[in-house]
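Engineer: A structural model of the following input is requested.
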Amino acid sequence: MRRPVGIKDVAGAAGVSVGTVSNVINRPDSVTEETRRRVLSAIERLGYVRSESARQLRAGRSRILAVLVLDMANPFFVGVASGAERSARAAGLGVMLCNSAESPAEEAAYLTLFSEQRVRGVLVTPADMSGRNLDAFRRHGIPFVFVDRVVPSADGCSVSVDDVNGGALAVRHLLRRGSRDIAYVSGPMHLTQCQNRRDGALRALAEVGLPPAALRHVEAARLDVTAGRDAGARLLGMAPRPTAVFCANDLLALGVLQTLYHAGVRVPEDIALVGYDDIEFAAAAAVPLTSVRQPARRLGGAAADLLIEETGDDAAAHRHRRIVLQPELVVRASTLAGARH
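Structural biologist: Residues are numbered from 1 along each chain as shown. The predicted structure is shown next:
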């Protein structure tokens with residue numbers, strides 16, 4: 001196996017010192033134009049690529065931000081990652097994107113990898129709600145920002161969406177259209193998002209004098225379409241069936257919609273349906289889906305900006321902040337009585 005081309009090889013090919021090659025790469029204004037051209041020609045001819053790990057050791061910090069999300073199959077998190085990447089690129093940084101798959105064990109493994117790689121910082125949507133994984137990671141001194149979650153202390157930054165308000169928006173809409181028998185389909189309830197969206201739904205019921213028991217709850221194993229199909233089958237088995245369903249995300253709602261469609265249940269005439277996130281697929285569904293929109297790209301971009309500020313040249317002036325964005329309801333055919341689809 002051929003060994004990688006090193007800086008000494010470039011220096012020998014260009015007839016200059018190793019220090020001159022280093023200056024051409026890092027401080028090009030400090031060398032003459034003729035020397036710079038000769039060194040760059042040698043770099044191109046030999047195919048030299050500088051060692052980022054070596055550069056990090058000299059500089060004392062990485063140019064890589066890690067982004068650890070719950071589910072890369074969910075377009076919402078794709079949007080979050082896209083927003084984070086845009087901010088990182090604008091600051092001259094790269095992004096390492098990883099997927100915990102909602103698993104605390106996977107999350108712990110990735111956090112260990114990030115500490116070994118000495119990444120500049122981490123954007124994380126936690127899977128381990130006990131906080132143990134991040135408590136262990138904190139001792140490495142690598143900054144992190146919570147994304148789509150409020151940081152539980154004053155020791156860090158977070159960017160989140162007001163999910164309690166989002167859940168209330170969804171159920172208020174269903175109540176206004178006359179629904180009183182409402183089911184909530186959630187993912188695992190150890191996830192804060194699922195808890196908060198249910199709390200918002202209960203708040204909306206309380207506003208019209210309905211007790212918490214009026215909200216029937218179906219807890220799915222995951223926040224994906226397959227779990228939504230299974231939840232749909234459970235809804236069909238209820239007696240009486242609910243007249244409206246609020247799902248904790250759009251993927252669950254799309255799965256529920258598929259099950260209802262194949263069972264001949266009309267949406268919204270028989271059952272009205274609301275999702276959450278407003279991913280691109282929501283508007284393109286067979287019955288366009290009413291959904292609570294989250295500003296995913298803005299969420300990721302704002303979180304990356306906080307992390308870049310905390311790890312930049314003016315880090316001493318950084319103050320931890322909690323940014324809470326507001327969701328909005330986007331109404332489509334899945335809740336509009338008499339809508340054509």
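
Engineer: When you work out contacts or count neighbours from here on, use the C-alpha atoms and nothing else.
Structural biologist: Will do.

Engineer: export stretch 23-41 as CSV, just CAs?
Structural biologist: In CSV, the C-alpha atoms belonging to stretch 23-41 read as follows (Å, rounded to 0.1, in the frame of the first residue of the first chain):
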residue,chain,number,x,y,z
ASN,A,23,3.6,29.1,5.0
VAL,A,24,2.1,28.6,1.6
ILE,A,25,-0.8,26.6,3.1
ASN,A,26,-1.4,28.7,6.2
ARG,A,27,0.1,32.1,5.5
PRO,A,28,0.3,32.5,1.7
ASP,A,29,0.9,36.3,1.9
SER,A,30,4.2,35.6,3.7
VAL,A,31,5.9,34.0,0.6
THR,A,32,6.7,35.4,-2.8
GLU,A,33,4.4,34.7,-5.7
GLU,A,34,7.0,32.6,-7.6
THR,A,35,7.6,30.4,-4.5
ARG,A,36,3.9,30.1,-3.9
ARG,A,37,3.3,28.9,-7.5
ARG,A,38,6.1,26.4,-7.3
VAL,A,39,4.8,24.9,-4.0
LEU,A,40,1.1,24.8,-5.3
SER,A,41,2.3,23.1,-8.4
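
Engineer: For that stretch, list every residue counted as buried.
Structural biologist: By 16 or more other CA atoms under 10 Å, the buried positions in stretch 23-41 come out as V24, T35, R36, R38, V39, L40.

Engineer: quick one: buried residues of stretch 240-256?
Structural biologist: For stretch 240-256, using 16+ other CA under 10 Å, the buried residues are 242-256.

Engineer: Endpoint to endpoint, that stretch covers what distance?
Structural biologist: One end of stretch 240-256 sits 17 Å from the other (CA to CA, to the nearest Å).

Engineer: Any idea how many residues pack against A333?
Structural biologist: Counted with other CA atoms under 10 Å, the neighbours of A333 add up to 21.

Engineer: Out of the buried residues of stretch 23-41, list just those in strands.
Structural biologist: Among the buried residues of stretch 23-41, no member is found in strands (DSSP state E).

Engineer: list the helices and strands the helix or strand A282 falls within packs on?
Structural biologist: Taking DSSP states H and E as the criterion, A282 maps to helix 280-284. With contacts defined as 3 or more CA pairs under 8 Å, 6 or more residues apart in numbering; DSSP states H and E, helix 280-284 has no helix or strand neighbours.

Engineer: Show me what secondary structure element comes after it.
Structural biologist: Taking DSSP H and E, what comes next after helix 280-284 is strand 290-293.

Engineer: mind listing what the residue nearest to T226 when sequence neighbours are not counted touches?
Structural biologist: Leaving aside its chain neighbours, T226 sits nearest to G255 (6.1 Å; criterion: CA to CA, 6 or more residues apart in numbering). By CA atoms under 8 Å, 6 or more residues apart in numbering, the residues touching G255 are D224, V225, T226, A227, G228, R229, D230, A231, G232.
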